[in-house]
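[1] give the three-dimensional model of this entry:
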Amino acid sequence: MRILIRGAGVAGLTAAYALTRRGFPVEVVEKSAAVGLGASHYAGGMLAPWCEGETADEQVVKAGKRSIGWWDEALPSLVIRKGTLVVAQGRDANELNRFASRTSHFEGLDEAGIAALEPALEGRFRRGLFFAEEAHVDPRAAISGLYKRLRAMGVRFHFGEADPAEAGFDRIVDCTGKAAISDGSGLRGARGEMLYLRTTEISLSRPVRLLHPRLPLYVVPQSGNRFMVGATMIESENDGAISARSLMELLNAAYALHPAFGEAEVIETGAGIRPTYANNIPRITEVGQYLTVNGMYRHGFLMAPHLAEDLVSHLLNTCFLKGTAP
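    Numbers count the residues shown, from 1 in each chain. As a prediction, this is how the structure comes out:
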């Protein structure tokens with residue numbers, strides 16, 4: 001069974017990896033000039049199923065727990081297993097209580113406990129929550145790493161092809177993200193905005209979430225003294241540049257986490273559209289030889305491995321029923 005995957009973001013690459021590993025001949029077509037230039041380019045790379053459980057369905061939490069191991073097997077050198085720290089300023093203590101009531105698998109920390117985990121935050125927060133089993137990856141390094149592994153496994157890539165030839169393929173798997181949003185698709189766009197800061201004045205070992213009733217913030221440390229700063233999703237399909245208001249709010253929130261971010265360099269800003277269904281849970285749909293893997297919402301790196309393995313199971317069952325080999 002020959003398979004063509006359309007889209008080389010996190011959904012397409014994880015699907016290609018899972019299928020190739022199980023013996024399916026796979027080719028990937030991408031309309032851009034390189035992998036991961038869509039919403040995946042603006043992801044935080046947090047593998048934080050229990051934190052996401054604050055607002056996400058239990059399906060996301062269960063799938064996300066398995067995804068940490070999936071990434072660790074696929075790209076063991078890139079997965080950083082140092083957990084997630086959640087904090088709130090004193091006036092927002094109720095936000096921390098609410099977050100704790102909706103999540104699990106955390107340890108409550110006092111001021112000393114926070115300082116022991118992240119010395120840079122010493123004296124800044126009185127209480128926090130530590131989700132020790134969570135992890136994170138550099139999303140761009142993960143995309144590049146999967147691409148290199150797939151090439152080494154013999155997967156062919158076709159770049160710059162918006163309308164690929166589909167003849168000769170038994171299944172076409174659409175992983176094109178926002179390009180699949182249309183009337184009748186059931187998908188809507190959720191906009192995510194982010195920026196990268198660079199500073200040597202602060203060091204963090206793990207993602208830190210700063211709770212706020214209006215603008216919850218996350219800061220993800222990456223190599224080269226870089227920090228990815230992002231916030232919650234905006235219900236919009238506008239894929240233009242980051243707005244001035246969002247930029248100011250993100251910077252103000254980062255400054256609230258630590259004043260050293262006030263002197264950091266702003267090295268990049270960006271916005272991406274993340275498609276989602278009404279229940280914010282991704283799914284696989286099938287019509288004839290066409291399958292669609294979409295609706296990742298803000299859980300792309302967390303949910304993509306789960307969807308990829310579901311896709312493999314579905315196609316293996318198809319082969320079994322037809323008495324054919326992958």
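[2] going forward, measure contacts between C-alpha atoms and count neighbours the same way
    Will do.
[3] using PDB, write out every CA atom in the lengthiest helix in the chain.
    If you go by DSSP state H, the chain has its longest helix at helix 300-322. C-alpha atoms of helix 300-322 as PDB (Å, rounded to 0.1, in the frame of the first residue of the first chain):
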ATOM      1  CA  GLY A 300       0.300  19.700  18.000                       C
ATOM      2  CA  PHE A 301       3.500  18.200  19.400                       C
ATOM      3  CA  LEU A 302       1.500  16.600  22.200                       C
ATOM      4  CA  MET A 303      -1.100  14.900  20.100                       C
ATOM      5  CA  ALA A 304       0.600  14.300  16.700                       C
ATOM      6  CA  PRO A 305       2.300  11.000  17.700                       C
ATOM      7  CA  HIS A 306      -1.000   9.700  19.100                       C
ATOM      8  CA  LEU A 307      -2.800  10.500  15.800                       C
ATOM      9  CA  ALA A 308       0.100   9.000  13.800                       C
ATOM     10  CA  GLU A 309      -0.100   5.700  15.700                       C
ATOM     11  CA  ASP A 310      -3.900   5.600  15.200                       C
ATOM     12  CA  LEU A 311      -3.400   6.100  11.500                       C
ATOM     13  CA  VAL A 312      -1.000   3.200  11.400                       C
ATOM     14  CA  SER A 313      -3.500   0.900  13.300                       C
ATOM     15  CA  HIS A 314      -6.300   1.900  10.900                       C
ATOM     16  CA  LEU A 315      -4.200   1.200   7.800                       C
ATOM     17  CA  LEU A 316      -2.900  -2.100   9.200                       C
ATOM     18  CA  ASN A 317      -6.400  -3.200   9.800                       C
ATOM     19  CA  THR A 318      -7.300  -2.200   6.300                       C
ATOM     20  CA  CYS A 319      -4.500  -4.400   4.900                       C
ATOM     21  CA  PHE A 320      -5.500  -7.300   7.200                       C
ATOM     22  CA  LEU A 321      -9.100  -7.200   6.000                       C
ATOM     23  CA  LYS A 322      -8.000  -7.100   2.400                       C
END
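[4] mean confidence score for that helix?
    Mean pLDDT, helix 300-322: 89.
[5] what does stretch 186-206 give?
    94.
[6] what comes up buried for that stretch?
    Within stretch 186-206, the residues scored as buried using 16 or more other Cα atoms under 10 Å are 187-199, 202-206.
[7] what of stretch 46-64?
    Quick answer for stretch 46-64 (16+ other Cα under 10 Å): 46-54, 56, 60-61, 63-64.
[8] may I see the buried residues of the helix or strand where N252 lies?
    Per DSSP states H and E: N252 is located in helix 244-257. By neighbour count with 16+ other Cα under 10 Å, helix 244-257 contains the buried residues S246, L247, L250, L251, A253, A254, A256, L257.
[9] among the residues you listed, which one lies nearest to H105?
    Nearest to H105 out of the buried residues of helix 244-257 is L257 (Cα to Cα; 23.4 Å).
[10] I'd like to know how many residues surround R283.
    By the criterion of other Cα atoms under 10 Å, R283 has 16 neighbours.
[11] likewise for the one 4 residues further on?
    With neighbours defined by other Cα under 10 Å, the count for V287 comes to 7.
[12] okay, and the beta partners of it?
    Y290 (DSSP bridges).
[13] where's it relative to E30, distance?
    The spacing between V287 and E30, counted by Cα to Cα, to the nearest Å, is 21 Å.
[14] could you do R98 as well?
    42 Å.
[15] between the two, who's got more neighbours?
    E30 (25 against 11).
[16] was I right about that one contacting L4?
    No: using Cα atoms under 8 Å as the test, E30 is too far from L4 to be in contact (10.7 Å).
[17] who are the packing partners of the longest helix of the chain?
    In this structure, helix 300-322 makes packing contacts with helix 10-21, strand 46-47, helix 58-74, strand 283-287, judged by 3 or more Cα pairs under 8 Å, 6 or more residues apart in numbering; DSSP states H and E.
[18] again, only using 10 Å
    Applying 3 or more Cα pairs under 10 Å, 6 or more residues apart in numbering; DSSP states H and E, we find helix 300-322 packed against helix 10-21, strand 46-47, helix 49-52, helix 58-74, helix 139-152, strand 283-287, strand 290-294.
[19] next, the buried residues of it.
    300-312, 315-316.
[20] now it against strand 290-294, angle please.
    160 degrees (axes from the mean of the first three to the mean of the last three Cα atoms, to 10 degrees).
[21] isn't G113 right up against E122?
    Yes: contact criterion Cα atoms under 10 Å: G113 and E122 qualify, at 9.2 Å.
[22] these two: who's more crowded?
    Per other Cα under 10 Å, whichever of G113 and E122 has more neighbours is G113, with 18 against 15.
[23] now the nearest residue to E268 once chain neighbours are set aside: how far from E249?
    The shortest distance from E268 to any non-neighbouring residue, by Cα to Cα, 6 or more residues apart in numbering, is to Y196 (5.0 Å). According to Cα to Cα, Y196 stands 14 Å off from E249.
[24] can I get the one helix or strand L96 maps to in CSV, CA atoms only?
    According to DSSP H and E, L96 maps onto helix 93-101. Output of helix 93-101 as CSV, limited to C-alpha atoms (Å, rounded to 0.1, in the frame of the first residue of the first chain):
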residue,chain,number,x,y,z
ALA,A,93,-3.4,33.1,44.1
ASN,A,94,-6.9,32.0,43.1
GLU,A,95,-5.7,31.2,39.6
LEU,A,96,-3.1,28.8,41.1
ASN,A,97,-5.8,27.2,43.2
ARG,A,98,-8.1,26.8,40.3
PHE,A,99,-5.3,25.3,38.1
ALA,A,100,-4.4,22.8,40.9
SER,A,101,-8.1,21.8,41.2
